[in-house]
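Enquirer: Provided below are the primary sequence and the corresponding predicted coordinates.
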Amino acid sequence: MATNTFQAQQVALRAQLYLQPSSTFKLQIYLCSGLLGFSLLITLAALLLRWRSRQFWLFKITVLERGRFLAPHPIILWLLASTIFLVLAEIVAHKSVTSVEVGTDLSNWVAWRTFLWLSLWVGAWSIAWATTLASILPRPTHPLARQPILLTSFFLVTPCLLFAIVTPLIVIANARFNDLFAEFKSLDSALSAASEALRDEELVPAWRNAWIALGVLTVFMLIVFTVAAISHFTTIGGQMSHLKSQKVTTGDSYSRQQRQLQWAFRSLVFTTATLFLLAVAYIILVFIISANTSELADGGNFGEKTSLASLWIFSVFGTLTNFILFLRSFASTPRPASAAVISSRIQYDGPKSPSIGRSGREVVGRTSDIQVSVVREVETTFEREEREADLGAGKGYDRYEVELDAYPAEKIR
């Protein structure tokens, strides 16, 4: 049967409202869904391990002489954000497959794809926050280290600002899309007018502004995270060099400390590298979408390509990152052996200087003429978690070691 003009216009309009999948579209969606499902399983397993090892907390108040700092738990917040993202991503994948059927209402699926990235952004921001605190707090001379209110409020206000900017823009754009879709279903006699209304220029800037705002703030987050990570790498490298140059620790103690530093350094490098690649790939995708928003509104294969790109980016980099965090959670469960402080040494004027580690305070308690010099420790987030799990609540050293040069032994007790 021949197709009349009315049917031809209806097909053309539906081609703009729905995805035009390629022959491998479903296969790619199913592959991404499988990877996302596997990532969700290891994410939930990592959360369960953290909960069983009593390391499941979101925020902790770090009390120093300089004030109270609100420190987030980067792994827990990232895993929770990843869980939300993975669930929404599976829903988007399912809706993408069902969009092949003519007549399926997909007026919200583009907005869903934008919203699900916000959850992942919050998880990445929490890691940047924790890394920045870990590199600033051990340095009392740093200007920000003496301003806890400013340092805490900055990291709390930034994600709130992101939601305040992006959410209204998405809601406005989605409302306009819904109006156009309702007009399409109700005005069969005016399909040509509805087709022109779909290309309304007011729709394009709303989507573009939302994606640009998200991309700019993500670039800013990546810069903060990169600077803090570089500082953290330098600190760990200095600790490794210091451990090799000192002769105060020998044997098993030295080997254990060196292995802990190497493990912490490698974990931080792998996690940082994957998160960096994830953020860079996402930033590129965001600006591609913002520069081609009109193509997204006009339909075609642009929506299919961007949705597949979004799923592939997190399927590869996100799964790798979560798997590293899962291994880290498995390795950080409480063990009988306690984690050693990076280095500590005791000096006195006797004929022979004893070399001790964690038992230093006991020796000081029995020796009256000993003076202590404790090398300040700048711990990584992972090392701090292991030490807290090993020592238990309320035991062990303070959260951050301080320098005590020629400190009286009586006050150590």
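Expert: Yep, that arrived. Model, not experiment: these values are computed from the prediction. Numbering: from 1, shown residues only.
Enquirer: now stretch 137-146 - C-alpha only, CSV.
Expert: Taking C-alpha atoms only, stretch 137-146 is exported to CSV below (Å, rounded to 0.1, in the frame of the first residue of the first chain):
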residue,chain,number,x,y,z
LEU,A,137,46.0,19.0,56.9
PRO,A,138,49.4,17.6,57.8
ARG,A,139,51.0,21.0,56.8
PRO,A,140,50.2,23.5,59.6
THR,A,141,52.0,26.3,57.7
HIS,A,142,49.6,26.0,54.7
PRO,A,143,47.1,28.9,54.7
LEU,A,144,44.0,26.7,54.1
ALA,A,145,45.1,24.3,56.9
ARG,A,146,44.3,27.1,59.4
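Enquirer: could I get the buried residue list for it?
Expert: Neighbour-count burial for stretch 137-146 flags 137, 138, 145 (criterion: 16 or more other C-beta atoms under 10 Å). For the C-beta atoms, the positions are set from N, CA and C on the backbone; glycine is no exception.
Enquirer: reformat those as CSV; add secondary structure.
Expert: Formatted as CSV, these follow (DSSP: H, G, I helix; E, B strand; the rest coil):
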residue, secondary structure
137, coil
138, coil
145, helix
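Enquirer: which residues sit in contact with residue 60?
Expert: 70, 71, 72, 73 (C-beta atoms under 8 Å, 6 or more residues apart in numbering).
Enquirer: secondary structure element holding residue 151?
Expert: Under DSSP states H and E, the secondary-structure element containing residue 151 is helix 148-186.
Enquirer: remind me what that helix packs against, helices and strands.
Expert: Here helix 148-186 is seen to pack against helix 5-17, strand 67-72, helix 109-136, helix 191-198, helix 203-245 when contacts are counted using 3 or more C-beta pairs under 8 Å, 6 or more residues apart in numbering; DSSP states H and E.
Enquirer: try it again with 6 Å
Expert: strand 67-72, helix 109-136, helix 191-198, helix 203-245 (3 or more C-beta pairs under 6 Å, 6 or more residues apart in numbering; DSSP states H and E).
Enquirer: tell me, how many neighbours does residue 172 end up with?
Expert: The tally of other residues near residue 172 (other C-beta atoms under 10 Å) stands at 16.
Enquirer: quick one: mean pLDDT over stretch 149-156.
Expert: Averaging the model's pLDDT scores along stretch 149-156 yields 81.
Enquirer: still on that earlier bit, residue 237: which of the buried residues of stretch 137-146 is nearest?
Expert: Of all these, the one sitting nearest residue 237 is residue 138; the distance, using C-beta to C-beta, is 14.9 Å.
Enquirer: measure that closest one to residue 239 for me?
Expert: As defined by C-beta to C-beta, to the nearest Å, residue 138 lies at a distance of 11 Å from residue 239.
Enquirer: quick one: common contacting residues for the two?
Expert: Where contact means C-beta atoms under 6 Å, 6 or more residues apart in numbering, no residue is in contact with each of residue 138 and residue 239.
Enquirer: how is the protein partitioned into domains?
Expert: Domain assignment of the chain by automatic domain parsing yields the ranges 23-331, 345-412.
Enquirer: check those domains for me: which has the lowest mean pLDDT.
Expert: domain 345-412 (a mean of 41).
Enquirer: how near is the closest residue to residue 240 other than its chain neighbours to residue 237?
Expert: Distance criterion C-beta to C-beta, 6 or more residues apart in numbering; nearest residue to residue 240, sequence neighbours excluded, is residue 261 at 5.1 Å. To residue 237, residue 261 is 9 Å away according to C-beta to C-beta.
Enquirer: got it, and residue 116?
Expert: 37 Å.
Enquirer: now residue 262: closest residue in space, sequence neighbours ignored.
Expert: What sits nearest to residue 262 in space, not counting adjacent residues and going by C-beta to C-beta, 6+ apart, is residue 240, at 7.4 Å.
Enquirer: just give me the neighbour total for that neighbour.
Expert: Counted by other C-beta under 10 Å, the residues lying close to residue 240 total 17.
Enquirer: before we move on, back to that, and residue 261 and residue 237? which has more neighbours close in?
Expert: A side-by-side neighbour count of residue 261 and residue 237, using other C-beta under 10 Å, places residue 261 first with 20 against 12.
Enquirer: the more buried one: which element?
Expert: Element membership of residue 261 [criterion: DSSP H and E] is helix 251-291.
Enquirer: counting neighbours, which bits of whichever strand or helix holds residue 46 end up buried?
Expert: With secondary structure defined by DSSP H and E, residue 46 is part of helix 25-52. Along helix 25-52, these residues count as buried under the neighbour rule (16+ other C-beta under 10 Å): 25, 28-29, 32-33, 35-36, 39-40, 42-44, 46-47, 49-50.
Enquirer: of all those residues, which comes closest to residue 174?
Expert: If you rank the buried residues of helix 25-52 by distance to residue 174 using C-beta to C-beta, residue 29 comes first, at 22.4 Å.
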